[in-house]
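A.B. asks: Provide a 3D model corresponding to the input given below.
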Amino acid sequence: MSEAISEGLDGGQVDEKHQQQKRDLARLKTVAFQHGAVATAILLLWGSAEAWSHANGGLLVTVIAIASGFFGGTSLAFLSHEWGHFSGARLSGAVSPVLKERKSFFMFNFKTTANSRAQFLAMSLGGPIANWSLVALVLLALPAGSLAHAALLATVAGVAVNVCVFEFPVISRVSYGADPAETVAQRLNETADNGLGQNVGLMVGLVVFAVVGFVA
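C.D. replies: Below you'll find the predicted structure:
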């Protein structure tokens, strides 16, 4: 009888795990659709502004084109960053369920207590890798030669630098044995007031915009 009870409990656990996987997949499909729609809309709006600026050289049109690069680049950078973290977590096999209720671009919960140090590092590295992949994509795959492109490239590059300024100290400390959750909290406190990362990213972005915009 005890064996039957044990088998029943095991079967219930397997069924619950299967249901959790189904819910997670359904949520992931929803998030992928929503984020994909947002990214498509951003690129369409940016492309329209970029084409408009080529057809009409007016000041207002130029300002709108630059603004589309800045706001669109910021949104794309945060989207790619979150998906990079998520991809790193899932590829490492980490427990990282998609959130039922999401805020802003945050889409999943990395269970620090349930995951290993290696899984945390894989999740952490995924963010910067995704951001620099976006920089390469904007540089190589989108039409260049305009201030709209210069603004988009400068923005995604600036965010990528900010990401590295924040993430790499965390990755370094955790790789040397620091507790992941405590390290993230400590890093948040370190960067809460000084604005160092934001200033570095801003300066890099301005330099990129000046250089690429001058060439354009």
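
A.B. asks: residues in contact with the host helix or strand of residue 121?
C.D. replies: For residue 121, the enclosing helix or strand under DSSP states H and E is helix 117-141. With contacts defined as Cβ atoms under 8 Å, 6 or more residues apart in numbering, helix 117-141 is touched by 73, 76-77, 80-89, 91-94, 96, 110, 112, 115, 149, 152-153, 156-157, 159-160, 163-164, 167-168, 170-171, 174-175, 180. Quick note: C-beta positions are derived from backbone N, CA and C, even for glycine.

A.B. asks: Just those: which are in helices?
C.D. replies: 73, 76-77, 80-89, 91, 149, 152-153, 156-157, 159-160, 163-164, 167-168, 170-171, 174-175, 180 (DSSP state H).

A.B. asks: Separate out the buried members of these.
C.D. replies: 73, 76-77, 80-89, 149, 152-153, 156-157, 159-160, 163-164, 167, 170-171, 174, 180 (16 or more other Cβ atoms under 10 Å).

A.B. asks: how close does residue 144 get to residue 212?
C.D. replies: 8 Å (Cβ to Cβ, to the nearest Å).

A.B. asks: the more surrounded of these two?
C.D. replies: Taking other Cβ atoms under 10 Å, residue 144 and residue 212 do not tie; residue 212 has more neighbours (21 against 17).
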